[in-house]
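[1] I would like to see how this sequence folds:
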Amino acid sequence: MPSFLFCAWDGGGAVYPTLSLVTALVEREHDVRVLGDPVLIDEIEATGAEAIAWRRAPHRTVRTPESDLFKDWEARTPLGAFSRVRDGLMFGPAADTARDVVDELERRPADALVAEPMLAGALIAGEAANVPVAVITTTVDPFPATGRPTFGPGLRPAAGPLGRLRDRALSRASRAGWNRGRPALNGARAELGLAPVDDAVEWLTQADRVLALTSEAFDYPELPRHPKVRVVGPRLDDPGWAGELALPPGDAPLVLVGLSSTYQAQEDVLRRTATALGTLPVRALLTTGPMVEPLPAPSNVSVVAAAPHAAVLPHAAAVVTHGGHGTVIKSLAAGVPLVLMPMGRDQRDNAARVLAAGAGVRLRRSASPAKIAAAIRTVLEDESYRMAAQRLAAAIASEMAQDRAAAELEQLVSLQEGVQDSGTWRPSPL
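    So this is what the prediction gives:
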């Protein structure tokens with residue numbers, strides 16, 4: 001039975017695509033283990049996989065704003081937020097993360113290791129143990145390629161010489177930002193006897209597989225990608241804590257509001273959105289997420305901590321969201337247009353792709369209730385937004401006809417086994 005070791009962190013929307021893939025491999029009768037935060041143990045075990053808690057690596061034992069690993073919402077600039085992620089999770093603690101993974105591989109070897117780029121230490125450990133490694137991204141393709149806008153600022157594709165100049169300049173700046181974490185990365189590599197790397201970004205793409213768990217049709221399909229990246233379709237599973245379907249009463253158009261399952265200081269955005277909805281002839285289901293307390297709202301707005309978005313969306317006429325990949329891709333898979341108020345992380349990039357597809361509108365997170373109401377009215381009344389979302393829904397359904405992510409991981413293991421039969425192991429070709 002092929003065995004997989006997954007490495008996971010409590011990263012909100014990043015968790016559930018990973019656990020969806022774990023579930024798929026378990027159902028295909030593979031031996032799967034997951035190293036993860038203690039707060040994830042129950043959710044990991046619900047997939048049928050073996051759960052192992054991090055010991056040295058940064059981890060959460062409770063879900064509170066105070067326990068967040070990098071508190072990026074406190075940063076004053078996007079660059080400051082990025083630095084917190086790089087130094088607080090990705091490269092800064094890479095040595096501790098690597099030691100936990102090495103310990104687990106020594107306890108019980110695996111045929112392949114699967115981790116997000118955020119867990120760079122896990123990738124180092126897999127390389128040092130000579131285990132085939134698959135990098136998975138749970139959002140749009142973040143890896144640089146000539147002709148693709150730099151991940152982070154939420155840019156549309158370049159048009160003309162000035163746009164291409166913009167992309168080259170931002171690519172250099174982004175690469176320099178990542179490489180400021182290289183001393184910690186190379187220190188972790190040195191502890192395991194590995195040579196230093198010259199470019200942190202290129203190193204991330206040297207895995208045996210680099211799989212983007214998103215939709216090809218959504219993620220600028222006309223643009224080139226890094227040659228190692230394979231887009232394998234999104235994962236649409238809801239978290240186990242999402243609860244049961246309970247729609248607001250009535251037959252007015254339904255608006256679903258979801259502004260992140262993690263904390264991003266979103267209370268005021270939720271309050272202004274609730275006020276905006278109170279001025280419209282709609283019924284609304286506003287989900288605060290597990291990190292925010294319930295808030296007062298107009299009578300046509302039902303406020304709940306959580307709801308199963310995949311079950312609500314077939315009834316929805318519009319979605320108001322921060323632009324996290326999970327909510328965005330589930331909405332589009334259901335053919336529902338969006339109003340987006342990005343707050344950071346990958347959200348600007350997701351919003352840019354929604355706008356490029358014509359499937360929604362974007363506002364500043366500081367937008368007034370009047371502007372939020374106007375944007376909701378626009379996507380409800382202008383049929384072009386729903387038609388664009390429905391075109392993406394058809395494309396996403398076609399992409400998900402087969403589980404390409406699970407198949408890629410199975411192929412990775414089968415290639416390894418074939419090479420082992422010949423007496424040597426080498427990374428599988430792409």
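[2] Ala184 contacts Asp87, doesn't it?
    Yes. Counting by Cβ atoms under 8 Å, Ala184 touches Asp87, with 7.4 Å between them. In this view, the C-beta of every residue, glycine as well, is placed from N, C-alpha and C.
[3] of these two, who's got more company?
    Neighbour totals were compared for Ala184 and Asp87, and Ala184 leads with 20 against 15 (other Cβ atoms under 10 Å).
[4] For the more buried one, give me its contacts.
    Ala184 makes contact with Asp87, Phe91, Gly92, Ala94, Ala95 under the criterion Cβ atoms under 8 Å, 6 or more residues apart in numbering.
[5] and it, which of the three is it?
    helix (DSSP: H, G, I helix; E, B strand; the rest coil).
[6] Give the closest residue to it in space, chain neighbours not counted.
    Phe91 (4.5 Å; Cβ to Cβ, 6 or more residues apart in numbering).
[7] and the gap between that neighbour and Thr205?
    When Cβ to Cβ, to the nearest Å is applied, the distance between Phe91 and Thr205 equals 16 Å.
[8] Out of these two, name the residue with the larger neighbour count.
    The residue with more neighbours, out of Phe91 and Thr205, is Phe91; 26 against 17, by other Cβ under 10 Å.
[9] Let me know whether that one touches Gly187 as I believe.
    No. With contacts counted by Cβ under 8 Å, Phe91 stays clear of Gly187, the gap being 9.2 Å.
[10] out of the contacts of Ala184, who's nearest Leu256?
    Nearest to Leu256 out of the contacts of Ala184 is Asp87 (Cβ to Cβ; 35.2 Å).
[11] Could you list the domains of the chain?
    Listed by automatic domain parsing, the domain ranges of the chain are 3-235+401-421, 240-399.
[12] got those domains as a markdown table, with mean pLDDT columns?
    Output for these, formatted as a markdown table (pLDDT from 0 to 100):
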| stretch | mean pLDDT |
| --- | --- |
| domain 3-235+401-421 | 93 |
| domain 240-399 | 94 |
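[13] quick revisit: got the contact list for the residue nearest to Ala184?
    Ala120, Gly181, Arg182, Ala184, Leu185, Ala188, Ala200 are the contacts of Phe91 under Cβ under 8 Å, 6+ apart.
[14] Just give me the closest of the residues you listed to Ala393.
    Using Cβ to Cβ, Ala120 is the member of the contacts of Phe91 that lies nearest Ala393, at 34.8 Å.
[15] The closest one: neighbour count?
    Neighbours of Ala120 (other Cβ under 10 Å): 28.
[16] if I read this right, it contacts Pro93, doesn't it?
    No. With contact defined as Cβ under 8 Å, Ala120 does not reach Pro93; the gap is 9.2 Å.
[17] Between all of the contacts of Phe91, which two are separated the most?
    The most widely separated members of the contacts of Phe91 are Ala188 and Ala200, with 11.6 Å between them, by Cβ to Cβ.
[18] pretty sure Asp141 belongs to a helix, no?
    No. Looking at Asp141 with three-state DSSP, it is coil, so not inside a helix.
[19] Can you report how many residues lie near it?
    Neighbour count for Asp141, taken as other Cβ under 10 Å: 22.
[20] Could you pull up the contacting residues of it?
    Contacts of Asp141 (Cβ under 8 Å, 6+ apart): Arg148, Phe151, Ala212, Thr214, Asp219, Arg225, His226, Val229, Val231.
[21] buried subset of those?
    By neighbour count, with 16 or more other Cβ atoms under 10 Å, the contacts of Asp141 hold Arg148, Phe151, Ala212, Thr214, Asp219, Arg225, His226, Val229, Val231 as buried.
[22] Among those residues, which ones are in strands?
    Secondary structure from DSSP state E places Ala212, Val229, Val231 of the buried ones among the contacts of Asp141 in strands.
[23] Let me have these in JSON lines, extended by distance to Val336.
    Shown next, in JSON lines, are those (distance: Cβ to Cβ, whole Å):
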{"residue": "Ala212", "distance to Val336": "22"}
{"residue": "Val229", "distance to Val336": "27"}
{"residue": "Val231", "distance to Val336": "22"}
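[24] where along the stretch 1-150 of the chain do the helices fall?
    Using DSSP state H, counting those that start in this stretch, the helices found in the stretch 1-150 of the chain span residues 15-27, 41-46, 78-85, 94-107, 120-128.
[25] now the angle between helix 78-85 and the longest helix anywhere in the chain, please.
    Criterion DSSP state H: the longest helix present in the chain is helix 160-179. Between helix 160-179 and helix 78-85, the angle comes out at 30 degrees (axes from the mean of the first three to the mean of the last three Cα atoms, to 10 degrees).
[26] So which elements touch helix 160-179?
    helix 78-85, helix 200-204 (3 or more Cβ pairs under 8 Å, 6 or more residues apart in numbering; DSSP states H and E).
[27] Can you give me the neighbour number for the residue nearest to Arg56 when sequence neighbours are not counted?
    Spatial nearest neighbour of Arg56, excluding adjacent residues (Cβ to Cβ, 6+ apart): Asp96 at 3.8 Å. By other Cβ under 10 Å, the residues close to Asp96 number 16.
[28] how about the nearest residue to Val62, chain neighbours excluded?
    Using Cβ to Cβ, 6+ apart, the closest residue to Val62 is Val39 (6.5 Å).
[29] Over to Ala307?
    Here the residue nearest Ala307, using Cβ to Cβ, 6+ apart, is Thr287, at 5.1 Å.
[30] Specify the beta-bridge partners of that neighbour.
    In this entry, Thr287 is beta-bridged to Gly258, Val304, by DSSP bridges.
[31] That one and Gly258 touch, don't they?
    Yes. Using Cβ under 8 Å, Thr287 is in contact with Gly258, at 4.9 Å.
[32] intersection of neighbour lists for these two?
    Common neighbours of Thr287 and Gly258 (Cβ under 8 Å, 6+ apart) are His309.
[33] so who does the nearest residue to Leu313 once chain neighbours are set aside touch?
    Nearest residue to Leu313, sequence neighbours excluded (Cβ to Cβ, 6+ apart): Ala334, at 3.7 Å. Contacts for Ala334 (Cβ under 8 Å, 6+ apart) come out as Ala310, Leu313, Pro314, Ala316, Ala393.
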